[in-house]
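*Asks:* one predicted model, sequence on top.
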Amino acid sequence: MGNGKFAIILALLISVGVAAWPSATQRSVAHGVTVAVTPGNLDAGNGIWDFAIALESRGTRLNDELMDSVVLLGDGRQVKPLAWEGAGPGGSHRAGVLKFVALKPRPKELELRMQRPGEKAPRVFRFAFGEWSV
């Protein structure tokens, strides 16, 4: 996905309430699919943490069940998503917010793993709290 399309998707996410999110977007490109992950709303006092997720495909339909294919890890703990607020499976573009119950106490680093259908290894996105302030 071109930077312009990502900017549009992130602008849409900002319009639904994630304007204060840090700009720590990470991208993974493999098998003709680009995945972008932006952490947000990770304040130590929050009970729910959010991650903006954007996917774009070149030719294949994005039928990922994000609630089943993503986990959040920190300090040896692992949690599955609580909710997905965004586009459903299908099409070549998807964007939304994946919500998790916050890890308490907040770890120094987080790892979001996405195991996409047909891909042998999960895509891994790592975020250290020292990289940005929340």
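*Replies:* Thanks, I have the structure now. Since this is a predicted model, take the numbers as computed values, not measurements. Residues are numbered from 1 along each chain as shown.
*Asks:* do a quick rundown of the strands in the protein.
*Replies:* 26-30, 33-40, 48-57, 70-74, 77-79, 83-86, 93-101, 109-114, 123-128 (DSSP state E).
*Asks:* for the last one, name the packing helices and strands.
*Replies:* Judged by 3 or more C-beta pairs under 8 Å, 6 or more residues apart in numbering; DSSP states H and E, strand 123-128 is in contact with strand 26-30, strand 33-40, strand 109-114. For glycine as for every other residue, the C-beta is placed from the backbone atoms N, C-alpha and C.
*Asks:* could you rerun that using 10 Å?
*Replies:* In terms of contacts (3 or more C-beta pairs under 10 Å, 6 or more residues apart in numbering; DSSP states H and E), strand 123-128 is packed against strand 26-30, strand 33-40, strand 48-57, strand 70-74, strand 109-114.
*Asks:* buried ones in it?
*Replies:* Neighbour counts using 16 or more other C-beta atoms under 10 Å place 123, 125, 127 of strand 123-128 among the buried residues.
*Asks:* skipping adjacent residues, who's closest to the residue lying farthest from the centre of the chain in space?
*Replies:* No residue in the chain sits farther from the centre than residue 59, which is 21.6 Å out by C-alpha atoms, centre = their mean. Sequence neighbours aside, residue 32 is the residue nearest to residue 59 in space, at 6.1 Å (criterion: C-beta to C-beta, 6 or more residues apart in numbering).
*Asks:* check residue 70 too.
*Replies:* Using C-beta to C-beta, 6+ apart, the closest residue to residue 70 is residue 114 (4.9 Å).
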